[in-house]
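Asker: pasted the sequence and its predicted model underneath.
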Amino acid sequence: MDINFNKNEDHNKLLVSECRNRLARIKKGGGQQRIDKLHSEGKITARERIDYLLDKNSQSIEIGAFAGDGMYEEHGGCPSGGVVVKIGYIKGRQCVVVANDATVKAGAWFPITGKKNLRAQEIAMENRLPIIYLVDSAGVYLPMQDEIFPDKEHFGRIFRNNAVMSSMGIVQIAAVMGSCVAGGAYLPIMSDEALIVDKTGSIFLAGSYLVKAAIGESIDNESLGGATTHCEISGVTDYKAKDDKDALDKIKNIIDKIGDYTKAGFNRITPSLPSENPEDIYGILPRSRADQYDMREIIKRLVDRSEFEEYKAGYGKTLLTGYARIDGWAVGIVANQRKVVKTKKGEMQFGGVIYSDSADKATRFIANCNQKKIPLIFLQDVTGFMVGSKSEHGGIIKDGAKMVNAVSNSVVPKFTVVIGNSYGAGNYAMCGKAYDPRLIFAWPSAELAVMGGAQAAKVLLQIEKASLKKKGVPITEEREAAMFNDIKSRYDQQTSPYYAAARLWTDAVIDPADTRKWISMGIEAADHAPIERPYNPGVIQV
């Protein structure tokens, strides 16, 4: 190992350590004092509920752990968006679990809470997975009601999705383990089966204070909408549980009796570990996003037996395409090559840039994977499409459009790993969030933006200088340098993988060592949903 490898390794392991520390802080939710208060009420936390519900010693992945991170600080923050979402196993069956975190503003819904709940439902719908809601929420966070209440992708869409999933035959189970008020009361009742915990769970459209104000009736919350009321009088709920764990045990028993599912039929054999040491990834991945490295070396440490059957290896060299297996699953990989490469004509091509020949190769490969029913994995480290007169005259827009078309119309499940740069139209062509990957997650080394920080800062600086010049404001070299650094600092903050994850542009920021688990569980989830239409890329220019 050379000194550069060791420096890279130290740098990337520090990034992973930072990621773990951030996650540990977020997992505390609203803080220890609120956790203690919940325990004193005889309840357990959202994360404790999920841990109890999922099979012991089984794998799970958390969706949107960083949602809301750094947002809503003026309102006290909203760790994990006030809701915990995991894909895991209950009685051996893969499920999506959604649990309101009552330690965060009593489980109230911020705008990002709604977006995260909708993402959980989207995953359940795309993959036909059972979904379990563990409800403990005060409803919409009223100071921000205009950003969560009325629009298509707001709070009401949750209930619309409840109805649609029911018609699709997707199992939905809800347990009311705390407050469930106002419009939120419809979620458990639009699920297939609803449970309520005695004395701590309550469901009503309006609480006792509002009832008194609205119609003058005096009644306590337990009589109004407690477990006895809804299990014995209204018939709103189906099961009464004595405490949180009893409710979770009842859910386990219900899941245990669900019939088998029709499989999509993706190819899987007995899994094998990579022959090359996955730990080497930390040393291979460079410290600077501008530096080169060989993406093949990353792939070898992600795939079974480190075997990668490359497609069109000598053509379109700034994109790698080929077949492999990950945890036994057959996959097609499309990856940005970050080395400067030479064509047969002796021309140099920049690593991380998509050229016409690269786009052409990827388009054909994506079609092949759709023909063979092989899930696609996109490994992103892309700075964009090649620019300049030679590229424009060569039809880069046409060839880029063909690739985007193929990605858009692909019917096999797609999974996107943002390893490094994810800039501009390169993000789109390499299956960014807008192109419906089943899962999209980033390594701590990732950057997502229209362009790199330095380039963007130069452009923005020119605009700001022109504006100041018009006003007759003098600009010294020192002031120009200070302006550049200030712009770049702000822009770099927005390119952070945590900034993207906070806004759910990605599902997670993960340790590279967990990549195989995420892809394997993602394909297993996708195998629940048979492909229902043929691949048809529509009209494209040849």
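Answerer: In hand now; what should we look at?
Asker: how far away is the residue located most distally from the centre of the chain from Gly216?
Answerer: Largest separation from the mean C-alpha position in the chain: Gly472, at 47.3 Å (C-alpha atoms, centre = their mean). For Gly472, the distance to Gly216 equals 68 Å [C-beta to C-beta, to the nearest Å]. Yep, even glycine has a C-beta here, placed from its N, CA and C like the rest.
Asker: same check, this time on Val473
Answerer: Relative to Gly216, Val473 is positioned 65 Å away (C-beta to C-beta).
Asker: who has more neighbours out of these two?
Answerer: Each of Val473 and Gly216 has its neighbours counted (other C-beta atoms under 10 Å); Val473 has more, 10 against 7.
Asker: can you tell me the SS state at the more buried one?
Answerer: Put simply, Val473 is coil when judged by DSSP: H, G, I helix; E, B strand; the rest coil.
Asker: for it, give me its contacts.
Answerer: Counting by C-beta atoms under 8 Å, 6 or more residues apart in numbering, Val473 makes contact with nothing.
Asker: shaky segments in the stretch 351-500 of the chain?
Answerer: 453 (pLDDT under 70).
Asker: show me where it has strands.
Answerer: Secondary structure of the stretch 351-500 of the chain (DSSP state E, counting those that start in this stretch): strands at 353-354, 376-382, 384-385, 414-423, 439-442, 447-449.
Asker: which among the ones you listed is found nearest to Pro150?
Answerer: strand 439-442 (27.9 Å; C-beta to C-beta).
Asker: burial check on the spatially closest residue to Gly332 that is not a sequence neighbour, number of neighbours?
Answerer: Excluding its sequence neighbours, the residue lying closest to Gly332 (C-beta to C-beta, 6 or more residues apart in numbering) is Cys369, at 3.8 Å. Residues near Cys369, counting by other C-beta under 10 Å, number 26.
Asker: so what's Cys369 up against?
Answerer: By C-beta under 8 Å, 6+ apart, the neighbours of Cys369 are 332, 375-376, 410, 412.
Asker: and if we set it to 6 Å?
Answerer: 332, 376, 412 (C-beta atoms under 6 Å, 6 or more residues apart in numbering).
Asker: which one of these is nearest to Ala175?
Answerer: Using C-beta to C-beta, these come closest to Ala175 at Val412, 34.7 Å.
Asker: correct me, but that closest one touches Ile377?
Answerer: No: contact status for Val412 versus Ile377: not in contact, 10.7 Å apart, counting by C-beta atoms under 6 Å.
Asker: identify, by residue count, the longest helix of the chain.
Answerer: Scanning the chain for the helix with the most residues, using DSSP state H, yields helix 3-26.
Asker: report all helices and strands that that one contacts.
Answerer: On a contact count with 3 or more C-beta pairs under 6 Å, 6 or more residues apart in numbering; DSSP states H and E, helix 3-26 meets helix 281-284.
Asker: picking that back up, got the contact list for the longest helix of the chain?
Answerer: 65, 79-80, 282-283, 285-287, 444, 509, 511.
Asker: can you redo those residues as CSV with distance to Phe204 and neighbour count?
Answerer: Listed next are those as CSV, based on distance: C-beta to C-beta, whole Å; neighbours: other C-beta atoms under 10 Å:
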residue, distance to Phe204, neighbour count
Ala65, 31, 24
Pro79, 27, 22
Ser80, 27, 26
Tyr282, 53, 22
Gly283, 58, 22
Leu285, 53, 25
Pro286, 57, 19
Arg287, 56, 15
Pro444, 44, 22
Val509, 39, 27
Asp511, 43, 19
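Asker: just the ones of these in helices?
Answerer: Using DSSP H, those in helices are 282-283.
Asker: may I have the phi/psi pair for Met190?
Answerer: Dihedral pair for Met190: phi -90, psi 0, per degrees, to the nearest 10.
Asker: ok, now Val181?
Answerer: phi -120, psi 160.
Asker: so it makes contact with Val140?
Answerer: No: distance between Val181 and Val140: 9.4 Å, which falls outside the contact criterion (C-beta under 6 Å).
Asker: more neighbours: these two, which one.
Answerer: Set Val181 next to Val140 and count neighbours by other C-beta under 10 Å: Val140 wins out with 23 against 19.
Asker: skip the chain neighbours and tell me the closest residue to Tyr535.
Answerer: Per C-beta to C-beta, 6+ apart, closest to Tyr535 is Asn370, 3.6 Å.
Asker: thought the one you found was touching Val412?
Answerer: Yes: Asn370 is within contact range of Val412, at 5.4 Å (criterion: C-beta under 6 Å).
Asker: compare Val412 and Ile377 (neighbour count), which wins?
Answerer: The residue with more neighbours, out of Val412 and Ile377, is Ile377; 28 against 22, by other C-beta under 10 Å.
Asker: quick one: residues contacting Arg268.
Answerer: 328-329.
Asker: change the start of the numbering to 444 and stick with it
Answerer: New numbering, starting at 444: the last item is Arg711.
Asker: check contacts around Pro980.
Answerer: Pro980 touches 848-849, 852, counting by C-beta under 6 Å, 6+ apart.
Asker: look up how far Asn852 lies from it.
Answerer: Where Asn852 is concerned, Pro980 sits at a distance of 5 Å (C-beta to C-beta).
Asker: returning to what we had before: quick check, nearest of the contacts of helix 446-469 to Glu835?
Answerer: Once C-beta to C-beta is applied, the member of these that ends up nearest Glu835 is Pro729, at 30.3 Å.
Asker: state the distance from that closest one to Trp886.
Answerer: The value you get for Pro729 to Trp886, if C-beta to C-beta is used, is 13 Å.
Asker: next one: Gly795
Answerer: In terms of C-beta to C-beta, Gly795 sits 15 Å off from Trp886.
Asker: pass me the low-pLDDT residue ranges in the chain, would you?
Answerer: 444, 626, 896, 984-985.
Asker: got a list of what Val526 touches?
Answerer: 543, 556, 559.
Asker: what about the helices in the stretch 594-743 of the chain?
Answerer: 599-611, 629-632, 651-658, 664-668, 670-671, 687-698, 724-727, 738-743 (DSSP state H, counting those that start in this stretch).
Asker: now distance to Ser799 too, for those, in CSV please.
Answerer: Shown next, in CSV, are the helices of the stretch 594-743 of the chain (distance: least, C-beta to C-beta, whole Å):
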stretch, distance to Ser799
helix 599-611, 40
helix 629-632, 49
helix 651-658, 63
helix 664-668, 63
helix 670-671, 65
helix 687-698, 51
helix 724-727, 28
helix 738-743, 20
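Asker: so which of the ones you listed comes closest to Val640?
Answerer: helix 687-698 (5.2 Å).
Asker: thought Gly473 was touching Val547?
Answerer: Yes: with contact defined as C-beta under 6 Å, Gly473 reaches Val547; the gap is 4.6 Å.
Asker: more neighbours, those two?
Answerer: Val547 (27 against 22).
Asker: got the contact list for that one?
Answerer: With C-beta under 6 Å, 6+ apart, Val547 has these contacts: 472-473, 522, 525.
Asker: looking at the residues you listed, which is nearest Ser832?
Answerer: Of all the contacts of Val547, Pro522 has the smallest distance to Ser832: 50.2 Å, by C-beta to C-beta.
Asker: for the closest one, give me its contacts.
Answerer: Here Pro522 is in contact with 469, 472, 547 (C-beta under 6 Å, 6+ apart).
Asker: distance to Gln502 for those - can I get that in TSV?
Answerer: As requested, the contacts of Pro522 are exported to TSV (distance: C-beta to C-beta, whole Å):
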residue	distance to Gln502
Ile469	20
Gly472	23
Val547	26
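Asker: tell me the one of those nearest Tyr736?
Answerer: Of these, the one sitting nearest to Tyr736 (C-beta to C-beta) turns out to be Ile469, at 30.6 Å.
Asker: for the closest one, the count of nearby residues, please.
Answerer: Count around Ile469 with other C-beta under 10 Å applied: 18.
Asker: still on that earlier bit, out of the contacts of Pro980, which is most surrounded?
Answerer: Result: Ala849 is most packed of the contacts of Pro980 (other C-beta under 10 Å), 24 neighbours.
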